[in-house]
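Q: Task: produce atomic coordinates for the following.
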Amino acid sequence: MWGAINYKGKGVFIAGGAGITPFISIFRDLQTKDEIPGNMLVFANKTKADIILEQEFKKLLGNAFINILSDEKTEGYFHGMINETFLKDNISDFNKLFYICGPPKMMDIVLKQLANLGVGKNAITLEL
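A: Numbering: from 1, shown residues only. From the prediction side, this is the model:
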């Protein structure tokens, strides 16, 4: 168990800034069990310099590691905020588990967007 976050199965992890912290342990544990495939990480930060453990996550997840930067336009990184269009463009299946951790305002917005995209509350795990 990592805080309030329990890994319940493969899914999409959405982190904002320091909200990545509980997911670090989960992904390292999954790596030791060879259970990374089928999981995805969407990591929102202000700038590229703010991305915690970027190289480790790239190695673990490859193309299933997506970064979005709100305050900086950098080649190879999405720019802006997580919104419904971004989610639809980057997540192929919304019948998955979702794990969310980040600033309260970001979490509220992402929860509303996931609800609009048909994700049920039982499919969402939050770190508060």
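Q: Name the nearest residue to Ala115, sequence neighbours excluded.
A: Across the structure, with C-beta to C-beta, 6 or more residues apart in numbering as the measure, the residue nearest Ala115 apart from its sequence neighbours is Lys121 (7.8 Å). For glycine as for every other residue, the C-beta is placed from the backbone atoms N, C-alpha and C.
Q: Any regions of this structure where pLDDT drops low?
A: Across the chain, residues meeting the criterion (pLDDT under 70) sit at 1-4, 128.
Q: Show me the strands in the protein, by range?
A: Remark: strands of the chain, listed N- to C-terminal, are 11-16, 40-45, 65-69, 78-79, 97-101, 124-126; assignment by DSSP state E.
Q: quick one, what contacts the nearest residue to Thr74 once chain neighbours are set aside?
A: Distances taken as C-beta to C-beta, 6+ apart put Lys48 closest to Thr74, at 5.0 Å, once the chain neighbours are dropped. Lys48 is in contact with Glu54, Asn67, Leu69, Glu72, Thr74, Tyr77, counting by C-beta atoms under 8 Å, 6 or more residues apart in numbering.
Q: Can you tell me how far the residue lying closest to Thr47 once chain neighbours are set aside is from Ile100?
A: Nearest non-adjacent residue to Thr47, counting by C-beta to C-beta, 6+ apart: Glu72, 4.3 Å away. According to C-beta to C-beta, to the nearest Å, Glu72 and Ile100 sit 23 Å apart.
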